[in-house]
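Chemist: sequence plus the predicted model coming up.
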Amino acid sequence: MIDLIEKAINGKNLISFRYDNENRLVEPHALGATSKGKMSMRGFQPAGGTQRELGWKLFTVDKIEDLTVLPLTFEEPRDGYSLNDKQLPHMVAQLDAIAA
């Protein structure tokens, strides 16, 4: 699954999956391990789940089910994204930041 998420980040592909019994549509931005060693993904969720679940989220990879890399892509990182997410000190893959 880590390889699929990394592929989606590198290709700027949206992904769909189930998380906490909800279907999610997510723009993956970063993948890495937390300081406690939990492999996690930082992503922007524009759809799926409930209204309160939309926006920036940190998803624990081992809770992701039925992951699909979609052919749909996004153009650039969402507002609010920054390189080297402090919650993912052991980075595996991440989008480049938008040039200012």
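Modeler: That came in fine, so what should we check first? Numbering: from 1, shown residues only.
Chemist: verify the stated contact: Leu14 with Val26.
Modeler: Yes - counting by C-beta atoms under 8 Å, Leu14 touches Val26, with 6.8 Å between them. For every residue, glycine as well, the C-beta is placed using N, CA and C.
Chemist: of these two, who's got more company?
Modeler: Val26 (26 against 21; other C-beta atoms under 10 Å).
Chemist: which residue is the nearest non-sequential neighbour of Ser35?
Modeler: Pro89 (5.7 Å; C-beta to C-beta, 6 or more residues apart in numbering).
Chemist: cool, and Ala33?
Modeler: In space, Ala33 is closest to His90, 3.9 Å off (C-beta to C-beta, 6+ apart).
Chemist: do Arg42 as well
Modeler: Ala30 (4.1 Å).
Chemist: the one you found contacts Ser82, doesn't it?
Modeler: No - using C-beta under 8 Å, Ala30 is not in contact with Ser82; the gap is 9.4 Å.
Chemist: which of the two has more residues huddled nearby?
Modeler: Ala30 (24 against 12).
Chemist: who does the more buried one form a beta bridge with?
Modeler: Note on Ala30: beta-bridge partners by DSSP bridges are Arg42, Gln94.
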